[in-house]
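[1] Quick one, fold the following:
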Amino acid sequence: MEAAANVRIIPAKQQVVDGKQQYRRLNVAAYCRVSTEQEEQQNSYENQIEYYTNYISSNPEWTLAGIFADEGISGTQTKNRTEFNRMIRMCKKKKIDLVLCKSTSRFSRNTVDCLDHIRHLKSLGIGVIFEKENINTLTAQSEFILSLYSSFAQAESESISKNITLGNQMAFKEGKVRYNYKYLLGYKKGDDGKPVIIPEEAEVIQLIFKLYIDGGSTHTIAQELNNKKYPTRSKSGKWSAMLIKRILQNEKYIGDCLLQKTYTIDCISHKAVKNNGERPMYYVSDCHPAIIDKNTFNRVQQEIARRNAKRSVCTNTITEQGRYNSKYALTELLICGECGTAYRRCRWTSHNRDRTVWRCINRLEHGPKYCKSPTIDEEPLHNAIVRVINEFYNCSDDVAKVLKSAADNVLSGSYDGEIKQIEQRLKDIDQARNDFVNLIATGACAPDSLDDEFASLYSEEEKMSQKLLSLKAQANTESNELVDEIKADIDNSSFELQQYDDVLVRKVVECVKILNKEEISVTFKGGYEIKSELLT
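    Next comes the predicted model:
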């Protein structure tokens with residue numbers, strides 16, 4: 001057997017130069033973090049940086065590789081800690097040999113993240129020294145001790161998170177509203193700490209609601225605002241359909257506030273999700289000045305629901321017929337008198353001439369075997385609708401009745417749900433009272449034993465009855481206000497409509513039915529119907 005080779009072991013961090021051993025100075029870095037931006041934490045942050053700079057520089061065997069400090073950032077995640085991640089990247093490049101940190105809670109409050117990073121650095125031969133706990137991660141027993149301390153830090157974070165959540169819920173119950181003015185267009189923080197309306201931005205909000213009621217889609221409204229360079233507070237600085245929809249559904253613009261729309265799953269991921277009933281929500285009314293009146297807001301919510309409820313009626317066309325179309329009002333309103341299917345706008349080209357017509361979708365897809373409805377040219381159709389609208393406007397008494405009926409229909413949906421709930425509760429109270437009477441009549445219990453229950457039922461019944469009357473009165477008042485508003489619009493405009501207008505048609509027309517190739521029937525909102533000839 002051959003003799004073993006002469007093996008000489010070179011200790012770590014030593015170099016051999018010209019046959020002589022030389023010690024290399026360690027590249028030492030320090031990591032500091034404070035979780036809030038409060039003044040006392042700022043002092044701690046600056047003190048940590050100064051301390052480690054002097055501490056590392058004063059050691060002749062160390063070279064300062066950098067001070068990495070994250071300010072005002074939570075320790076439960078690493079993805080937003082830019083300095084921490086930069087330090088880890090430098091460790092991977094072997095530019096750091098040792099990391100100093102005040103404590104495990106400064107390094108990470110997430111047990112899994114803490115151990116993962118420590119193990120990764122250890123595999124690179126890089127140790128982390130935690131001064132408070134006196135732990136060097138390169139020692140054999142360090143991981144067990146470190147897992148305990150990091151678990152304590154994570155448990156502390158979870159406890160703090162629960163306390164904050166409970167504090168927020170108590171504030172919600174008391175109706176305390178926190179406003180994010182950075183993204184809340186139309187408002188700014190006043191001198192008294194309460195929201196103040198910004199007139200220029202409020203005009204933009206009002207314009208958005210008006211355009212939507214007039215038939216505009218969220219996409220076309222966003223395009224118009226971008227073209228006119230209206231200001232926005234979005235990060236991109238551009239208007240989008242999603243941003244328009246959020247504004248239209250934001251109750252803050254009517255002076256109210258719905259609290260806890262979202263909630264954070266846990267203190268580790270910090271992921272906020274929509275509250276679909278998993279947590280209680282709190283609705284605070286009239287907590288700040290309103291930009292939009294409640295009538296307009298309710299009408300917009302109903303219009304959003306109506307558009308979302310549209311179902312597809314066309315399968316063989318490029319554009320989906322089941323989606324709301326803001327370009328042509330008749331896409332929604334024009335229906336076939338024979339089969340009840342909607343009409344679709346088409347472009348015909350013949351002998352180098354374009355012709356715009358409307359055809360029944362059932363006939364377009366399946367042919368005249370299923371529907372023999374006529375094809376209608378657009379121009380005479382528009383002219384006929386204009387004549388009908390002028391005739392409708394000239395019948396002032398009938399118009400007032402129709403407007404009142406339409407307003408009642410529009411606003412009833414805003415109160416129907418709550419009114420039905422109260423009516424059902426009143427029925428339940430009446431039934432419970434009858435049950436108590438039956439118990440007494442059969443001798444199952446003494447009459448005096450149910451006095452408190454009867455008193456409670458009578459008290460609740462009185463409150464519910466008063467609330468029911470108040471809701472019905474409010475709905476009636478808003479209906480009259482809406483009628484006055486529409487009548488004012490009519491009075492301020494010309495009764496003689498000169499040309500077809502999609503916006504006006506959407507406002508007053510319920511549907512247009514093609515009876516035959518020579519006649520149409522226009523039904524106005526409220527049920528008033530007028531027939532007209534199609535004149536070529």
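[2] From here on, just use CA atoms for contacts and neighbour counts.
    Noted.
[3] burial count for the closest residue to Leu258 other than its chain neighbours?
    Using CA to CA, 6 or more residues apart in numbering and skipping the chain neighbours, the partner closest in space to Leu258 is Tyr283 (4.5 Å). For Tyr283, the neighbour count with other CA atoms under 10 Å is 14.
[4] Quick one: list the elements packing against the strand or helix carrying Tyr283.
    Using DSSP states H and E, Tyr283 falls within strand 282-284. Strand 282-284 is packed against strand 257-259, with contacts defined by 3 or more CA pairs under 8 Å, 6 or more residues apart in numbering; DSSP states H and E.
[5] Give me the contacts around the strand it packs on.
    Strand 257-259 is contacted by residues Phe172, Val177, Glu251, Met281, Tyr282, Tyr283, Val284, Ser285, Cys287 when judged by CA atoms under 8 Å, 6 or more residues apart in numbering.
[6] how far away is the fourth one from Ile422?
    Distance, Met281 to Ile422, using CA to CA, to the nearest Å: 20 Å.
[7] Also the last one?
    Computed as CA to CA, the Cys287 to Ile422 distance reads 25 Å.
[8] and if you look at the second one?
    When CA to CA is applied, the distance between Val177 and Ile422 equals 28 Å.
[9] okay, Glu224: pLDDT?
    At Glu224, the model reports a pLDDT of 91.
[10] if I look at it, how far off is Glu201?
    16 Å.
[11] What of His120?
    Taking CA to CA, one finds His120 at 52 Å from Glu201.
[12] Repeat that for Lys507.
    Per CA to CA, Lys507 is found 26 Å from Glu201.
[13] wait, doesn't the residue nearest to Leu258 sit right on Asp256?
    Yes. When contacts are counted by CA atoms under 8 Å, Tyr283 is listed as touching Asp256 (7.3 Å).
[14] Contacts only, for Leu225.
    Trp239.
[15] helix or strand for it, which one?
    helix 218-227.
[16] sorry, back to before: nearest to Phe297, of the contacts of strand 257-259?
    Nearest to Phe297 among the contacts of strand 257-259, counting by CA to CA, is Glu251 at 8.2 Å.
[17] which non-adjacent residue is nearest that closest one?
    Cys257 (5.9 Å).
[18] Could you do Trp239 as well?
    Ala222 is the one closest to Trp239 (CA to CA, 6+ apart), at 5.1 Å.
[19] any idea how far Gly237 is from that neighbour?
    12 Å.
[20] out of Glu224 and Glu201, which sits in the busier spot?
    Ranked by neighbour count (other CA under 10 Å), Glu224 and Glu201 place Glu201 first, with 17 against 14.
[21] so how far is Gln301 from the more buried one?
    21 Å.
[22] Could you do Val284 as well?
    In terms of CA to CA, Val284 sits 19 Å off from Gln301.
[23] Tell me which of the two has more neighbours.
    Val284 (20 against 13).
[24] mind listing what that one touches?
    Contacts of Val284 (CA under 8 Å, 6+ apart): Gly175, Asp256, Cys257, Leu258, Leu259.
[25] what about the first one, which helix or strand?
    Take DSSP H and E as the rule and Gly175 turns out to sit in neither a helix nor a strand.
[26] check contacts around it.
    So Gly175 contacts Tyr282, Tyr283, Val284 (CA under 8 Å, 6+ apart).
[27] Return, as residue ranges, the portions of the stretch 201-350 of the chain with sub-threshold pLDDT.
    Residues of the stretch 201-350 of the chain meeting the criterion pLDDT under 70: 263-271, 310-326.
[28] give me that answer again for 50
    317-320 (pLDDT under 50).
[29] out of the contacts of strand 257-259, who's nearest Thr523?
    Of those, the one sitting nearest to Thr523 (CA to CA) turns out to be Glu251, at 33.0 Å.
[30] where exactly do the strands run in the stretch 1-150 of the chain?
    All strands of the stretch 1-150 of the chain, identified by DSSP state E, counting those that start in this stretch, fall at 14-17, 20-23, 26-34, 62-71, 98-101, 127-130, 135-136.
[31] The shortest one - which strands sit beside it in the sheet, and in what orientation?
    Sheet pairing for strand 135-136, assigned by DSSP bridges, gives strand 127-130 (antiparallel).
[32] And the contacts of the strand it pairs with?
    Under CA under 8 Å, 6+ apart, the answer for strand 127-130 is 97-104, 118, 121, 135-138.
[33] Most neighbours out of these, which is it?
    Thr104 (26 neighbours).
[34] Tabulate the contacts of Gly175 (a markdown table), appending distance to Ile88.
    Below are the contacts of Gly175 laid out as a markdown table (distance: CA to CA, whole Å):
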| residue | distance to Ile88 |
| --- | --- |
| Tyr282 | 44 |
| Tyr283 | 46 |
| Val284 | 47 |
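[35] Specify which member of those is nearest to Trp358.
    The nearest one, if we look at these relative to Trp358 and count by CA to CA, is Tyr283, at 47.1 Å.
[36] State the distance from that closest one to Leu248.
    Separation of Tyr283 from Leu248 (CA to CA) stands at 17 Å.
[37] what do you get for Arg306?
    14 Å.
[38] neighbour-wise, which of these two wins?
    Leu248 (20 against 11).
[39] Next up, the contacts around the closest residue in space to that one that isn't next to it in sequence.
    In space, and not counting its chain neighbours, Leu248 is closest to Phe209: 6.6 Å by CA to CA, 6+ apart. Residues near Phe209 by CA under 8 Å, 6+ apart: Leu248, Thr296, Phe297, Val300.
[40] residues in contact with Thr356?
    By CA under 8 Å, 6+ apart, the neighbours of Thr356 are Arg345, Cys346, Arg347, Trp348, Asp377, Glu378.
[41] ok, now with 10 Å
    Arg345, Cys346, Arg347, Trp348, Thr349, Ile376, Asp377, Glu378, Glu379 (CA atoms under 10 Å, 6 or more residues apart in numbering).
[42] so what's it scoring on pLDDT?
    pLDDT, Thr356: 90.
[43] Now it: closest residue in space, sequence neighbours ignored.
    In space, Thr356 is closest to Arg347, 4.7 Å off (CA to CA, 6+ apart).
[44] Am I right that that neighbour sits in a helix?
    No. Counting by DSSP: H, G, I helix; E, B strand; the rest coil, Arg347 is not part of a helix but strand.
[45] can I assume it is in contact with Arg355?
    Yes. With contact defined as CA atoms under 10 Å, Arg347 counts as touching Arg355 (5.8 Å).
[46] For this structure, give me the ranges with low pLDDT.
    Counting by pLDDT under 50, the chain shows low-confidence ranges at 1-12, 16-17, 38-39, 75, 317-320, 494.
[47] give me the beta-bridge partners of Val512?
    Applying DSSP bridges, one finds that Val512 bridges with Leu334, Val522.
[48] Tally up the residues packed near it, please.
    25.
[49] The residue nearest to Leu248 sits in which helix or strand?
    helix 199-213.
[50] Any buried residues in that helix, and which?
    Glu201, Ala202, Val204, Ile205, Gln206, Ile208, Phe209, Leu211, Tyr212, Ile213 (16 or more other CA atoms under 10 Å).
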